[in-house]
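Asks: Give me the fold of what follows.
(one chain, ligands or ions: 1)
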Amino acid sequence: MPSRSNPVYCAIDTVDLPLAARLIRSVAGGAIPAVGGIKLGLEFFLAHGAPGVRYAFPAPVRATGIGFFLDLKLHDIPNTVAGGIRAVVELEPTFVTIHTAGGAAMMKAAAEAATSEARRLGVARPRLLGVTVLTSLDRSDLEATGIPAEPAQQVLRLASLARESGLDGVICSPLEIAALRKECGKDFVLMVPGIRPVGTASADQKRVMAPGEAVALGANHLVIGRPITDAADPALAAEAIARDLGVL
Ligand code: C5P
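Replies: Residues are numbered from 1 along each chain as shown. As a prediction, the model looks like this:
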């Protein structure tokens, strides 16, 4: 038995409900799931909502103990974001994302809502992860929004604010892992997309890193989408990554 759990969350980025269900069953439905979790994001959730989650990612698959990352990237006033969090707690996500740029009050309201609603329903509290600076923004984009900072510096500032405001971790690029681990301590969750197994195409991801390297730098979880979902056999592709990481 491997001593570590599988860190890979497979991103299911599609509005095709039967396809999502098939992909989830193939990578997560076996006796030994090939991934540690499933990520469903805006594309899927806006199209199919909570009923779509229950259909594509049903309780028997969840019962294997697999993680569920609901990547909603909420950003609104505190009361509205808190309401959004309360609305999804019944789906029992392991992780939900909110934007750190919404400010400390918003993040605190979201964290309190997650705690109180989970207690009310008697379910596990979802852990909240912050989105800091989108990797699509560079220094000049930040400046144009009135923030005269290097993106790397702004990422650290927002991650610290997130930690102080009760968030459990952040989403970060592979290049930010080392600095964030140092800044935010060993218990802060770092969920890292932009991961490409050696020998696969990088597609539109510009700064990529291999799975083992990201874990060695301090990533807790890796988000991997197309290298698994576009493979001829997604389960085999996921198993190869897990074996490479020594978790299968
Ligand atoms: O297919 P791929 O492995 O590139 O999928 C990466 C997933 O991670 C997608 O769901 C994407 O939205 C998400 N993501 C990302 N880069 C970020 C933040 C999130 O690719 N900076």
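
Asks: List the contacts of the closest residue to the ligand within the chain.
Replies: Among the residues of the chain, residue 225 lies nearest to the ligand; the distance is 2.6 Å by C-beta to the nearest ligand atom. No exception for glycine: its C-beta is placed from N, CA and C like everyone else's. Going by C-beta atoms under 8 Å, 6 or more residues apart in numbering, residue 225 touches 10-13, 39, 193.

Asks: Longest strand in this protein, please.
Replies: Counting by DSSP state E, the longest strand found in the chain is strand 67-74.

Asks: Tell me the helix or strand right after that strand.
Replies: Beyond strand 67-74 in the direction of the C-terminus, DSSP states H and E gives the next helix or strand as helix 78-89.

Asks: Return the set of buried residues in that next one.
Replies: For helix 78-89, a neighbour-count test (16 or more other C-beta atoms under 10 Å) marks 78, 81-86, 88-89 as buried.

Asks: tell me which strands and helices it is in contact with?
Replies: Packed against helix 78-89 by the contact rule (3 or more C-beta pairs under 8 Å, 6 or more residues apart in numbering; DSSP states H and E) you find strand 67-74, strand 95-99, helix 104-121.

Asks: Comparing the ones you listed, which comes out most buried?
Replies: strand 95-99 (a mean of 24; mean count of other C-beta atoms under 10 Å).

Asks: one step back: show me the subset of the contacts of residue 225 that also lies near the ligand.
Replies: With C-beta under 6 Å from any ligand atom as the criterion, those include 11, 13, 193 near the ligand.

Asks: follow-up on the earlier one: just put the helices and strands packed on helix 78-89 in a markdown table and tack on mean pLDDT.
Replies: Formatted as a markdown table, the helices and strands packed on helix 78-89 follow (pLDDT from 0 to 100):
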| stretch | mean pLDDT |
| --- | --- |
| strand 67-74 | 98 |
| strand 95-99 | 98 |
| helix 104-121 | 98 |
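
Asks: Would you format the ones you listed as a markdown table with distance to residue 156 included?
Replies: Formatted as a markdown table, the entries for those read as follows, by distance: least, C-beta to C-beta, whole Å:
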| stretch | distance to residue 156 |
| --- | --- |
| strand 67-74 | 20 |
| strand 95-99 | 16 |
| helix 104-121 | 16 |
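
Asks: May I see those organised as TSV, with distance to the ligand added?
Replies: TSV is the format used below for these (distance: least, C-beta to the nearest ligand atom, whole Å):
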stretch	distance to the ligand
strand 67-74	7
strand 95-99	9
helix 104-121	18
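
Asks: Sheet partners, orientation included, of the longest strand of the chain?
Replies: Within its sheet, and counting by DSSP bridges, strand 67-74 is paired with strand 37-41 (parallel), strand 95-99 (parallel).

Asks: closest to residue 235 out of these?
Replies: Of all the strands paired with strand 67-74, the one in closest proximity to residue 235, counting by C-beta to C-beta, is strand 37-41 (13.2 Å).

Asks: and that closest one, what's its mean pLDDT?
Replies: With pLDDT averaged residue by residue, strand 37-41 scores 98.

Asks: Check stretch 206-220 too.
Replies: Averaged over stretch 206-220, pLDDT sits at 93.

Asks: Can you give me the end-to-end span of stretch 59-74?
Replies: Using C-alpha to C-alpha, to the nearest Å, the end-to-end distance of stretch 59-74 comes to 25 Å.

Asks: Same question for stretch 129-142.
Replies: For stretch 129-142, the first-to-last residue distance is 21 Å (C-alpha to C-alpha).

Asks: Does the ligand have contacts with it?
Replies: Yes: judged by C-beta under 6 Å from any ligand atom, stretch 129-142 comes into contact with the ligand through residue 135.

Asks: one step back: closest to residue 130 out of the strands paired with strand 67-74?
Replies: Ranking those by proximity to residue 130 (C-beta to C-beta) places strand 95-99 first, at 6.3 Å.

Asks: Please name the nearest non-neighbouring residue to residue 36.
Replies: Here the nearest residue to residue 36 in space, its sequence neighbours aside, is residue 6; by C-beta to C-beta, 6 or more residues apart in numbering that works out to 3.5 Å.
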